[in-house]
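S.K.: Fold the following and give me the result.
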Amino acid sequence: MDSKQVFDVSGIGNAIMDILIEINDSELSGLGLKKGNFHLMDQKEAKALLIRLEGMKTTLLPGGSSANTVYGVSMLGGKSAFSGKIGIDNFGRIYESETTRSGVKATFGKHETLPTGYAITFITPDKERTFAVYPGAAATMEERDINIGDIGRSRIFHVEGYMLEDRRMRDVSISVIEQAKRSGARISLDLGDPGIVSRNRNSIVNIVEQYADIVFANEQESMHFSLMEGEKAAEYIAGLAGIGIIKLGAKGSIIRSGKATHRVTAFNSSVVDTTGAGDMYASGFLYGLSNGYGLDVCGTLGSYFASKVIGKIGARLDSVKRSDIDSVLSGARKSRI
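M.R.: Just a heads-up that it's a prediction; the model follows:
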């Protein structure tokens with residue numbers, strides 16, 4: 001690592017608490033939520049929903065796509081940093097303390113009146129997920145809330161697609177990306193959501209073409225972005241960014257760089273909850289890339305740790321054994337990219 005590059009991966013994104021609830025179909029229907037959909041709530045709707053959920057068993061964890069990814073890098077033994085915005089409330093205190101406890105260097109802006117955002121994830125017996133999200137303070141992040149110094153000392157700077165829909169947040173993200181590139185960081189972008197890509201395709205394509213070095217997408221996101229499928233989509237993304245990664249779930253992943261295409265096989269796992277699988281894939285991939293491994297090895301690391309997180313409730317692993325990492329890397333030849 002260059003002496004000025006203290007962090008393997010730094011990131012910005014929505015700092016929101018994940019509230020995970022296992023629920024049956026009739027209970028979900030009774031809440032007026034359409035199964036499998038993403039529901040964006042205002043503050044009044046969010047408070048009303050929380051009141052209706054009182055007494056139900058919930059799991060509370062820090063979340064947010066980019067935050068999950070840099071957390072995963074830290075769990076894998078890498079050095080990571082994150083900037084976000086929270087409220088001055090109990091959720092915010094939990095979010096800040098848990099992020100710091102995980103080893104991530106954390107910087108948080110704090111909103112005086114708005115609460116910390118949260119995402120309620122309803123998991124039905126068929127493992128389908130339904131989301132009810134209130135962004136809260138996270139949606140008011142400004143450049144002054146971000147630790148530009150940490151980002152400038154990073155090998156890779158990671159941004160979630162959720163930052164690119166609201167025009168103000170997109171402008172903040174672009175400004176920070178430009179500063180990161182000037183500092184020598186590689187820019188990583190996770191497209192994050194098919195709807196966001198579909199609604200903002202032209203602007204996101206422009207951002208990728210101008211700034212991105214690494215782009216993560218799932219199958220639907222890659223189709224909305226490239227208007228193509230499979231390897232053709234990966235080739236299109238890599239043509240704009242340099243490295244294009246398409247996550248295919250149980251079918252593995254496709255990694256494209258230049259004229260080389262790598263197909264990575266998924267690891268078998270019993271599915272309990274797919275929340276965070278893509279974020280943990282990005283953790284493994286970026287950890288590998290920042291430590292000089294070849295793209296096929298990076299993809300294997302990503303695939304392995306995605307398979308581990310879907311075997312439990314929640315988007316984050318509690319810990320990672322070094323022996324597991326060594327086992328995955330066994331026989332792989334380390335090569336600088």
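
S.K.: quick one: the strands in the stretch 101-250 of the chain?
M.R.: Listed from the start of the chain, the stretch 101-250 of the chain has strands (DSSP state E, counting those that start in this stretch) covering 105-111, 116-123, 129-136, 154-160, 186-190, 214-218, 243-247.

S.K.: so which of these gets nearest Leu20?
M.R.: Distances from Leu20 to each of the strands of the stretch 101-250 of the chain were compared by CB to CB, and the smallest falls on strand 116-123, at 5.0 Å. For every residue, glycine as well, the C-beta is placed using N, CA and C.

S.K.: what packs against that closest one?
M.R.: strand 16-22, helix 43-52, strand 80-87, helix 90-101, strand 129-136 (3 or more CB pairs under 8 Å, 6 or more residues apart in numbering; DSSP states H and E).

S.K.: In JSON lines: the strands of the stretch 101-250 of the chain, plus mean pLDDT.
M.R.: Conversion of the strands of the stretch 101-250 of the chain to JSON lines gives the following (pLDDT from 0 to 100):
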{"stretch": "strand 105-111", "mean pLDDT": "97"}
{"stretch": "strand 116-123", "mean pLDDT": "93"}
{"stretch": "strand 129-136", "mean pLDDT": "91"}
{"stretch": "strand 154-160", "mean pLDDT": "97"}
{"stretch": "strand 186-190", "mean pLDDT": "98"}
{"stretch": "strand 214-218", "mean pLDDT": "97"}
{"stretch": "strand 243-247", "mean pLDDT": "97"}
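
S.K.: Any chance of these in TSV with mean neighbour count and distance to Thr59 as columns?
M.R.: Output for the strands of the stretch 101-250 of the chain, formatted as TSV (neighbours: other CB atoms under 10 Å; distance: least, CB to CB, whole Å):
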stretch	mean neighbour count	distance to Thr59
strand 105-111	21	21
strand 116-123	24	9
strand 129-136	22	13
strand 154-160	27	22
strand 186-190	25	23
strand 214-218	26	24
strand 243-247	27	24
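
S.K.: The helices and strands packed on strand 116-123: which one's closest to Arg263?
M.R.: Within the helices and strands packed on strand 116-123, the stretch nearest Arg263 is strand 129-136; the backing value is 26.8 Å (CB to CB).

S.K.: Tell me what angle that closest one forms with strand 80-87.
M.R.: Here the directions of strand 129-136 and strand 80-87 differ by 70 degrees (axes from the mean of the first three to the mean of the last three CA atoms, to 10 degrees).

S.K.: same for strand 129-136, what does it pack against?
M.R.: Right, strand 129-136 is packed against strand 16-22, strand 38-40, helix 43-52, strand 116-123 by 3+ CB pairs under 8 Å, 6+ apart.

S.K.: and those, which one's lowest on average pLDDT?
M.R.: When the helices and strands packed on strand 129-136 are compared on mean pLDDT, strand 38-40 scores lowest, with a mean of 84.
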